[in-house]
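Q: Below are the sequence and a predicted model for it; my questions follow.
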Amino acid sequence: MAEDTLTITDNRTNQTYAIPIEKGTIRAMDLRQIKTGPKDFGLMTYDPAFMNTASCRSKITFIDGERGILRYRGYPIEVLAEHCSFLEVAFLILFGDLPTETELEKWVNQITHHTMLHETTRKFMEGFRYNAHPMAMLVTTVAALSTVYPEARAIDDPSNRMLQIKRLIGKMPSIAAMSYRHSLGFPYVYPDNDLNYSENFMNMLFKMVEPKYVANPVLASALDVLFILHADHEQNCSANVMRSVGSAQTDPYLTTAAAAAALSGPLHGGANEEVLKMIDEIGSAENVPAYIKGSKEGHSKLMGFGHRVYKNYDPRAKIIKRTAEQVFEVTGRNPKLEIALELERIALEDDYFIKRKLYPNVDFYSGIIYQAMGFKPEMFTVLFAIPRTVGWLAQWQEMLIDSEQKIARPRQVYTGHDVREFMPIEKRTASW
């Protein structure tokens, strides 16, 4: 028998099966042959939340959670964050290789060309309530772009797909900035094509009456780093939604809106906002030991620690921690940082957290930086969605050209009633 197989003996029938192993996986469909008889559907796997199920093959992002490694297309995240711009990394994620000088110049020009929004989109944005959450505005407006660009439905045309990808990457900062200005009651600011991607976003956010907005280079660079760190993260919740909705051949605007809706949840993109709420609840560094004690006893939750994938220090958190110091040299030291540092120090010395491999993740410091840069907490998830759009689109395109992919349709284990006798309404008893 070949070594690269798994031998399974079904004790119900004493039948033995040899299941091929490929790259550390077995195919779930190979289990279907394991049956107790002709009427048996066959064996299925049961894996709530996909804890140990691979739904696709991907060349985009590699994560080793045990060793704290994150790579885009083979490049360590630390190297990319130090040496590249966000749009350079976006090119890498989408096309597989870092661009040449000529390629990068052309790519930046193309993205910049698509930053402007149709005036009808502005009017659509104006229809939201004054206190609408920026993330809900972003999700809705991105979905509405499906009506502006109906040709996006032709997803089988590679050149058409690429046009929509460039449009989405270019327009996401513009939509995000409009949602922010709307919440403040400020007039919208048009893109400035003289500025780079991050500077232009800051211009559309913060420009007031000055003739020309000039972004602080340290803050613009920090925002670019944060965008790089959030560009993709393998098969997370929102990427899974992007692939699942996209598998129905839905256009990229509606698909991206669905992914952004998944990102908006507090357990995903909203986690850094929850970290700030926790820090505000703690109040001061002196209260940290008591809060950690309460967390260990189950009275409170330590936000920003631990990760589904990482069982080591999140490599993105290390980069953000360094970036925070650069930001605070410009903005002044955020008092919340002292609480965060004390939380990290105590937690990393406590056996309770060490044994459970609960280390700071990317959300632990990012919210503190965003707040220091002038962003309100309700904007944090929007800031996350801008760069993650690149990852979503790369995952979407990879899924579309994968011959093994079909419309997503998980199985279930039915636990409800068997066949029931119908009762006329006058004979039914109340159930609630």
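A: It's in.
Q: Can you pull out the low-pLDDT segments for this structure?
A: Scanning the chain for pLDDT under 70 picks out the ranges 1-2.
Q: State which helix of it is the longest.
A: helix 158-184 (DSSP state H).
Q: how about Leu104, what does it touch?
A: 87-88, 91 (C-beta atoms under 8 Å, 6 or more residues apart in numbering). Quick note: C-beta positions are derived from backbone N, CA and C, even for glycine.
Q: Gly24: which of the residues you listed is nearest?
A: Phe91 (30.4 Å; C-beta to C-beta).
Q: which element is the nearest residue to Asn236 once chain neighbours are set aside on?
A: Leaving aside its sequence neighbours, Asn236 sits nearest to His268 (C-beta to C-beta, 6 or more residues apart in numbering; 7.1 Å). Using DSSP states H and E, His268 sits within no helix or strand.
Q: report the angle between the axes of the helix or strand just after the longest helix of the chain and helix 158-184?
A: Remark: after helix 158-184, the chain's next helix or strand is helix 197-206, criterion DSSP H and E. Angle of helix 197-206 versus helix 158-184, following axes from the mean of the first three to the mean of the last three C-alpha atoms, to 10 degrees, is 30 degrees.
Q: name the helices or strands packed onto helix 197-206?
A: Other helices and strands packing on helix 197-206, by 3 or more C-beta pairs under 8 Å, 6 or more residues apart in numbering; DSSP states H and E, are helix 86-95, helix 101-113, helix 158-184, helix 217-229.
Q: Tell me where this structure has strands.
A: 5-10, 15-20, 61-64, 69-72, 75-76 (DSSP state E).
Q: Quick check: buried residues in the longest helix of the chain?
A: 160-161, 163-183 (16 or more other C-beta atoms under 10 Å).
Q: domain assignment for the protein?
A: Domain assignment for the chain by automatic domain parsing gives 70-268+379-400, 271-372.
Q: Distance across the shortest one, terminal residue to terminal residue?
A: Domain 271-372 has an end-to-end distance of 17 Å (C-alpha to C-alpha, to the nearest Å).
Q: Could you do stretch 259-270 as well?
A: End-to-end for stretch 259-270, by C-alpha to C-alpha: 14 Å.
Q: quick revisit: so the residue nearest to Asn236 makes contact with His233?
A: No. Contact criterion C-beta atoms under 8 Å: His268 and His233 do not qualify, at 10.2 Å.
Q: Now for Glu404, how many residues are close by?
A: By the measure other C-beta atoms under 10 Å, the count of residues near Glu404 is 7.
Q: could you list every residue that touches it?
A: Glu404 touches Arg57, counting by C-beta under 8 Å, 6+ apart.
Q: now with 10 Å?
A: By C-beta atoms under 10 Å, 6 or more residues apart in numbering, Glu404 lies in contact with 56-57.
Q: Dihedrals phi and psi, it?
A: The phi/psi pair for Glu404 (degrees, to the nearest 10) reads phi -80, psi -20.
Q: Could you do His133 as well?
A: The phi/psi pair for His133 (degrees, to the nearest 10) is phi -70, psi 130.
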